[in-house]
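Asks: below are the sequence and a predicted model; questions follow.
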Amino acid sequence: MRRDRRRVVLAILGVLVLLAMVSPFVVPLLAHGATPAAVGPVTSSSTTPTPDDGVRLAPTTSPSTDGSVTDGEDRAPVVVLGTGGMTWEVLEDEQAPALSALARESLAANLVVRSVDPLTCRSDGWLGLSSGNRAGGERSEDADGGSECVDLPPLGASSADSEIPRRAHDYAADAELESFGAVPGTLGDALAEAGVESVGFGAGAALALAQSDGAAGDARPASADDAELADSVRETVDSGAGLVVVDLDDVGGPADAESGSDGTGSGPADADAEPDEAGSAPDTDADSDSSTSSAGVQGADAESIDARVGAILAALDEANSDATVVFASLYDTADRSQLQSLIISPADDPGAGLISSPSTRADGLVQVPDLLPTILTLTGADTPSGLPGGTLLWRSPDPSDAEPAAADARIAGLTDFAMRARVVAPLISPAVLILVGANIALGAAALVGLNRRVLERLGGGEPDRTARVRRGVLRGLRAAAIVVGAIPAALIAANLVPWWRAGSPGLGLAAATVGATLVLAAIAVLAARRFAAPAPVVVLSVATIAIITVDVFSGSHLFLGSVLGTQPQLGARYYGMSNHYFALFSTAGILVAAAAAGPLVRAGRRWLAAGVCLAIGLFVAVVDGLPSIGADFGGPPAILPAFAVLALLAAGVRLTWRRVLVIGAVTIAAAVAVLAADWLRPPDDRTHLGRFFQSILDGGAFEIIGRKLMRNLAILVSSPFTLLAAVGALVAVILIIRPLLRPGGQETSHYGWIVRPVAPGTVAGTGPVPAAVPGGATGSVPATGPDGTGDVVGGGSLMTASRLLKPTLISLVILWVIGFAINDSGITIPALGIALALPAACVVLTSWLMSREGTVTRGAPGSTASR
């Protein structure tokens, strides 16, 4: 019977290992039809796919090497209408009827406008269009010591009479000092080289079209009269201009973010803050009320912009101008960075739908840097290499997308996503503090509750009472550890319900998180009653792995705009494995690997145990690091050595310097291979991994590394995760590491009783064994220990009870230290790993101590040997 059971277990393990190794490669193939597969701009030559084609991108006409159209067709002119503060919440509220109507019959997306500063000024937005990168305009110091935007100078009678081109040249020179390497004037240079006639109206348009050497483009003042401006745009298009750019705010629109106090996005900003993910950097506006903060321009401002757009669209329609219209809200006007709106109405009308980008891999979410390569492709100009953005993507048209119900649902989805991103921002800090506080409280409770002197005082010096107190403390600690260990996965799963739509988003998030925590904890408790003691750890770890894996494969819908994910409006990661995901995912993987390999080690099947560790490690590394899945370059260099060491120690192999060097060399080779493989793809299809490899070849890697190191240092001294990491390390040292390393000091240590072997002769594993307990109480030793093997007691210690305890601790330390060193989230990585590992350690430790209850454990509180 036992042999058959083992065969079944091994068969299951074999299937799981096979799935772990194959699924990262199979799942993307199964989902291939649901994701954009190639780059395609919106052009007049796009063809309409047949229904049998399924979901795919519309094809495009490609320019030849000299910038002409390859198939002889003339490209449609492009009209770019730029403004700021026009979010989807504004459009859905019907403050802008013309734009709302345009969006329902066109291609649409949320637009990330993040510049080099947390808030994007008017000049930043136009410079971003000009450079195809994050760029920053001129700023001045405000009364509070922060920075505020400086207005663009008025445009003269022509761009040649204006200060704008000179400023563009100055910005281009200053941009060399910026860490993102923006080159303002890139758009103007590419258009001039391709011979594309371009005309701008307004100061922002002049800044966008100016060349990097200060040469002025053809930019003209914009009329304050909507009809006159519309006629000028129409005449320019009809005259043969390939690109027309209009600054809608240069004619009386919402004020630029210049005053610093009028809600236009120029409030004090920490120029050194580089928000990325939860807890990664200071939030410059963490205390503002997201439910009441402005969602964008309001009232007359929105109406005036919409009227201007409506007049231009009507003029183009009346003249039957075959033009592609791009409406882009390029900068912030509220007191917090927000997602803006982007609408593209192609000349050939391929249908309504959502736009995507190779830089975001998310339907309905693109960046300002994506606009430059898209505009250049639309106009037939060549796109310079090395830009962070890519030509925009879209799905094949579906006739049903143009129906009113589908259009309303599409706009509502864009609005809902933008609302969640806006609402979650001020809730991140409280949520992180709760997570950190819960783990610190658990660690403190463990230090106090497992202190021998404290337990004896609570027991009043009476052995029986002390034993009862000890058992109650152990049960309470285990229950608390299970609940705390469920919080990280619950914070991610909370986004399964639309809590942000609640009247009080904070209460909605709290309710969703508490509900998910209780569900996960209940499953873990039930597992503890039916299976071996590590079952709660396995349940919580597998739940964490499953939630993250499903989310990564399905498009990171839970990850974007969550308290443990990223805020898309801040221009961080949009897909794959964030540093937060990496920390939780890899830590959970090590815990599962240790739990799966432990029984095999005790059964003497060490090489099979090592194989299980390697298989799980391979699964974790592939999901985390493969460009088509996790795309996390900083993950595999930490994951591979951590699991390799765990596998070697599980196999009983001693670590030597030579073996450590081999592990390091293999890790580096694997990381470089991943970078090179992604770099070999076409430039527009590369992820940030391939672009980073290109930056290495171009000599720009040191800028990126330096920026990440500075962020790492900033997080270390400012994040609450630093405290969590310190507390977790302290608890591990006091409760486990120090008692194990100093066995001779167990007689006097307040925690030595935890790891001390049980009295000889009390052997468990063949059934309940009566054992005398001081005070006359009797008890029994369970037939199995916390790992289900039955060799926990009987002269055994905590180390012999869990043969992989030390290897697991070593592997976790390797994972966290390397992750801390090479990722820009710094201390956040070990801290979040500790948020999962600390509760797991408490569960295993308390379960093992509870399994010893009933035995005469030398040095345990309540026994005569302890006094």
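Replies: Arrived safely.

Asks: looking at this, Leu730 is in a strand?
Replies: No. Counting by DSSP: H, G, I helix; E, B strand; the rest coil, Leu730 is not part of a strand but helix.

Asks: you'd agree it is up against Gly443?
Replies: Yes. Proximity of Leu730 to Gly443 meets the contact threshold set by Cβ atoms under 8 Å, at 7.2 Å. C-beta coordinates here come from the backbone N, C-alpha and C atoms, glycine included.

Asks: so which of those two has more stuff around it?
Replies: More crowded of Leu730 and Gly443, by other Cβ atoms under 10 Å: Gly443, with 25 against 14.

Asks: any idea which helix or strand comes after the regular element (helix or strand) spanning the more buried one?
Replies: Assigned by DSSP states H and E, Gly443 falls within helix 428-449. Later in the chain than helix 428-449, the nearest helix or strand by DSSP H and E is helix 452-458.

Asks: could you give me the average pLDDT of that following helix?
Replies: Helix 452-458 comes out with an average pLDDT of 84.

Asks: which of the residues in it are buried?
Replies: 452, 454-456, 458 (16 or more other Cβ atoms under 10 Å).

Asks: the one helix or strand Val550 maps to - contacts with which helices or strands?
Replies: Element membership for Val550, per DSSP H and E: helix 535-554. Other elements packing on helix 535-554 under the criterion 3 or more Cβ pairs under 8 Å, 6 or more residues apart in numbering; DSSP states H and E are helix 463-493, helix 505-530, helix 579-602, helix 828-852.

Asks: recalculate using a threshold of 10 Å.
Replies: Under the contact criterion of 3 or more Cβ pairs under 10 Å, 6 or more residues apart in numbering; DSSP states H and E, helix 535-554 touches helix 2-30, helix 463-493, helix 505-530, helix 579-602, helix 606-625, helix 828-852.

Asks: which one of the ones you listed lies closest to Thr83?
Replies: In terms of Cβ to Cβ, the element of the helices and strands packed on helix 535-554 nearest to Thr83 is helix 505-530, at 27.7 Å.

Asks: give me the angle between that closest one and helix 535-554.
Replies: Inter-element angle recorded for helix 505-530 and helix 535-554: 130 degrees (by axes from the mean of the first three to the mean of the last three Cα atoms, to 10 degrees).

Asks: mean confidence (pLDDT) on helix 505-530, please.
Replies: Per-residue scores along helix 505-530 average to 92.

Asks: neighbours of Ala493, how many?
Replies: By other Cβ under 10 Å, 23 other residues sit near Ala493.

Asks: spatially nearest residue to it (excluding sequence neighbours)?
Replies: Once flanking residues are discounted, Ala493 sits nearest to Ala516: 4.4 Å by Cβ to Cβ, 6 or more residues apart in numbering.

Asks: contacts only, for the one you found.
Replies: 486-487, 489-497, 543, 547 (Cβ atoms under 10 Å, 6 or more residues apart in numbering).

Asks: any idea which of those residues is closest to Val199?
Replies: So of those, ranked by how close each gets to Val199 (Cβ to Cβ), first place is Asn495, at 44.8 Å.

Asks: any idea how far the closest one is from Ile523?
Replies: 20 Å (Cβ to Cβ, to the nearest Å).

Asks: residues in contact with the residue lying closest to Leu646 once chain neighbours are set aside?
Replies: Nearest non-adjacent residue to Leu646, counting by Cβ to Cβ, 6+ apart: Ser811, 4.1 Å away. Residues in contact with Ser811, defined by Cβ under 10 Å, 6+ apart, are 586-587, 589-591, 593-594, 613, 617, 639, 641-650, 804.
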